[in-house]
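Sequence first, then the predicted structure, then my questions.
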Amino acid sequence: MKIKLGVIFGGVSVEHEVSVITAIQAMNNIDTNRYDVIAIYITKDGDWYTGEMLKDIKIYSDMDLLKRYANEVVLYKTGGRFILQSKGFLKREITEVDICFPIMHGTNGEDGSIQGLLEMLKLPYAGCDVIAAGCGQDKSVMKHMLENSGLPLCPWIWIYGCDYDENKDEIKAKVAELGYPVVLKPACLGSSVGIVIAHSEEMCLSKPPMK
């Protein structure tokens, strides 16, 4: 009997599209002799859908079509089974899931959020746990962990947006100590989203980093 593998992707994140592309590439390369691959797509509004058409990248160019033909579902546990059940008045069981493969990018997914949901359901999943995902997603937290472990790092600083607004001169001085050019990056985004290379103070001030 094949293992029912639920691939979770999409999500409420600015990296939504990257997650969709990654998941479709993965689903098209999973060994279907061993796994029954179940696409579980989360829209930007947080709604969950499943269906075979979700394995085709072209369906995402027409969200009205996707929502018309895919099954909107909820994930729940009953009697030790993990079920994707249709929403609406006539509820029906769409499929069962044995294990999940989260392929999420960015906030509200890659940061440990989806792992926390699966942990509460006691639904087995691939990849790291909540703490590892959260620490790995937050670059400033991870750098502190690496420093505290005695590992060498390039010189760096981190700030909150409010710090930049209130202590601009102090932050300018700290950045100058690093020496230009500097790389500015939002701490909790991935996929190179928000990265800026500032070659001068003027460029740095126009694109302050975000926590």
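Arrived safely, thanks for sending.

Look up how far residue 6 lies from residue 37.
8 Å (CB to CB, to the nearest Å). Quick note: C-beta positions are derived from backbone N, CA and C, even for glycine.

So which of those two has more stuff around it?
For residue 37 and residue 6, the more surrounded residue by other CB atoms under 10 Å is residue 6, and the numbers stand at 24 against 20.

Please list all residues in contact with the more buried one.
38, 40, 84, 97, 99, 100, 101 (CB atoms under 8 Å, 6 or more residues apart in numbering).

and what of residue 49?
Counting by CB under 8 Å, 6+ apart, residue 49 makes contact with 40, 41, 42, 43, 66, 67, 70, 71, 72, 73.

Name the nearest of those residues relative to residue 109.
residue 42 (7.7 Å; CB to CB).

Next up, phi/psi of that closest one, please.
When read as degrees, to the nearest 10, the backbone of residue 42 gives phi -110, psi 120.

Report how many residues lie close to it.
Neighbours of residue 42 (other CB under 10 Å): 22.

For it, give me its contacts.
8, 9, 10, 11, 12, 48, 49, 109.

how about a markdown table for those residues, with distance to residue 182 and secondary structure added?
As requested, those are exported to a markdown table (distance: CB to CB, whole Å; DSSP: H, G, I helix; E, B strand; the rest coil):
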| residue | distance to residue 182 | secondary structure |
| --- | --- | --- |
| 8 | 36 | strand |
| 9 | 33 | strand |
| 10 | 33 | strand |
| 11 | 30 | coil |
| 12 | 30 | coil |
| 48 | 40 | strand |
| 49 | 42 | strand |
| 109 | 29 | coil |
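
List just the nearest of those residues to residue 115.
Among those, and counting by CB to CB, the member closest to residue 115 is residue 109, at 8.9 Å.

Please name the spatially closest residue to the closest one (chain neighbours excluded).
residue 11 (4.1 Å; CB to CB, 6 or more residues apart in numbering).

Residue 202 versus the one you found, what's the distance?
36 Å.

And the two? Which one has more around it.
residue 11 (25 against 8).

Just give me the neighbour total for residue 86.
So residue 86, with other CB under 10 Å, has 15 neighbours.

For residue 185, see how far away residue 194 is.
On the measure of CB to CB, residue 194 and residue 185 end up 6 Å apart.

When those two are compared, which one has more neighbours?
residue 185 (20 against 16).

these two touch, right, that one and residue 198?
No. With contacts defined as CB atoms under 8 Å, residue 185 does not count as touching residue 198, sitting 11.0 Å away.

about what we covered before: who's in contact with the residue nearest to residue 109?
Contacts of residue 11 by CB under 8 Å, 6+ apart are 19, 42, 44, 46, 104, 105, 106, 108, 109, 114.
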